[in-house]
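S.K.: A structural model of the following input is requested.
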Amino acid sequence: MFCAGAALAALDPIARSEDPVGILWRKRLALSAAAAVSGLEGRREGEAQLRDAFALRKPGDDPGPAGRILIGWRALCEARALRSADWPARLPGFFDLPPEPASELLRDLGARFVGRTPPLRFAAEAARELLALGPAHRGLALWLADALLARALGQDCPVPLLAAHLPRAAFRLEGEAWVAACAAAWGRGAVAAFDLHVDLTRRATALRAANLRRPGKDTAAIITALLTEDALAAQAGAEASDRAARRLFDRLTSLGLVRELTGRPTFRLYGL
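M.R.: Numbers count the residues shown, from 1 in each chain. Have a look, this model is predicted:
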């Protein structure tokens, strides 16, 4: 518990930073959390498949069960995840769960929080209460644990930390063993998140400093989007064509400023 608290304390200034890279950072962590929950539910979708389902969908498309999981974890990264009055009713739908009894328990847990219990313990025990509803509620329980921990720490936007680092065997634990497993996972998650933020900040600094000769009409908008979005397709912008967008992304990739994330010759996605 002490080591987890130390790791979370080191992460706290980053979690509170208003740098736009923090948005991208949370979205990358949300992708890892969604992939971990997808595996817990016996699905085959990993990070690449989840990214495709989200980034390549058209407006109005149903992203499917796995895509909804990712949308739910990305919603965790927003400030309204802690403030929205309707999130107990909306949240189960991200995990393909019926509204009740989870919504009622979520409302009860939100009202019960008074700041007297140590944050790690309260968040872990709240997750354990949701897990009592059955294995199908594991993803929802992990989401809630990160949200309540952020609320207890006074952070405006939660950081997805627990799901990607909690081993499957931990779900069989109860009492102090469960709390200890969650604390260890939060500690590992905080360290991994710190390292990811360092890497993304370095990449963002290089992209911002790039002196591109003859930049295209949408170059500034695309670079701004790359600093906050997990993955972008080379599509026509407000003023430039698909071909111009592909040329820009190819150029950024050749300069080592952006990575192609899929390894495919078509339907490519790019990001820091």
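S.K.: hey, let's count contacts and neighbours off CA atoms from now on
M.R.: Fine.
S.K.: could you show me where the helices are in this structure, in order?
M.R.: Using DSSP state H, the helices of the chain run over residues 2-16, 21-40, 47-55, 64-76, 80-83, 87-94, 102-112, 119-131, 138-153, 175-209, 219-226, 242-254.
S.K.: was I right about His76 contacting Ala145?
M.R.: That one is not His; residue 76 is Leu. No. Using C-alpha atoms under 8 Å, Leu76 makes no contact with Ala145, being 10.7 Å away.
S.K.: more neighbours, those two?
M.R.: Ala145 (29 against 24; other C-alpha atoms under 10 Å).
S.K.: confidence score at the more buried one?
M.R.: pLDDT recorded at Ala145 is 93.
S.K.: need the contact list for it.
M.R.: Counting by C-alpha atoms under 8 Å, 6 or more residues apart in numbering, Ala145 makes contact with Ala123, Ala124, Ala126, Ala127, Leu162.
S.K.: do the same with Asp96
M.R.: Counting by C-alpha under 8 Å, 6+ apart, Asp96 has contacts Pro65.
S.K.: Recalculate using a threshold of 6 Å.
M.R.: Residues near Asp96 by C-alpha atoms under 6 Å, 6 or more residues apart in numbering: none.
S.K.: Please tell me how far it sits from His137.
M.R.: 10 Å (C-alpha to C-alpha, to the nearest Å).
S.K.: Over to Pro98?
M.R.: From Pro98 across to His137, the span is 10 Å (C-alpha to C-alpha).
S.K.: Same question for Asp218.
M.R.: Distance, Asp218 to His137, by C-alpha to C-alpha: 43 Å.
S.K.: more neighbours, these two?
M.R.: His137 (20 against 17).
S.K.: Now do the nearest residue to the more buried one once chain neighbours are set aside, the pLDDT please.
M.R.: Using C-alpha to C-alpha, 6 or more residues apart in numbering and skipping residues adjacent in sequence, the residue nearest His137 is Leu131, 5.8 Å away. At Leu131, the model reports a pLDDT of 92.
S.K.: Please report the number of neighbouring residues for Leu131.
M.R.: The burial count for Leu131: 18, using other C-alpha under 10 Å.
S.K.: Poorly predicted segments of the stretch 151-272 of the chain, please.
M.R.: 213-217, 236-241 (pLDDT under 70).
S.K.: Output the helices of the chain as TSV; include the columns distance to Arg268.
M.R.: Output for the helices of the chain, formatted as TSV (distance: least, C-alpha to C-alpha, whole Å):
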stretch	distance to Arg268
helix 2-16	30
helix 21-40	18
helix 47-55	9
helix 64-76	18
helix 80-83	31
helix 87-94	26
helix 102-112	38
helix 119-131	38
helix 138-153	29
helix 175-209	20
helix 219-226	14
helix 242-254	10
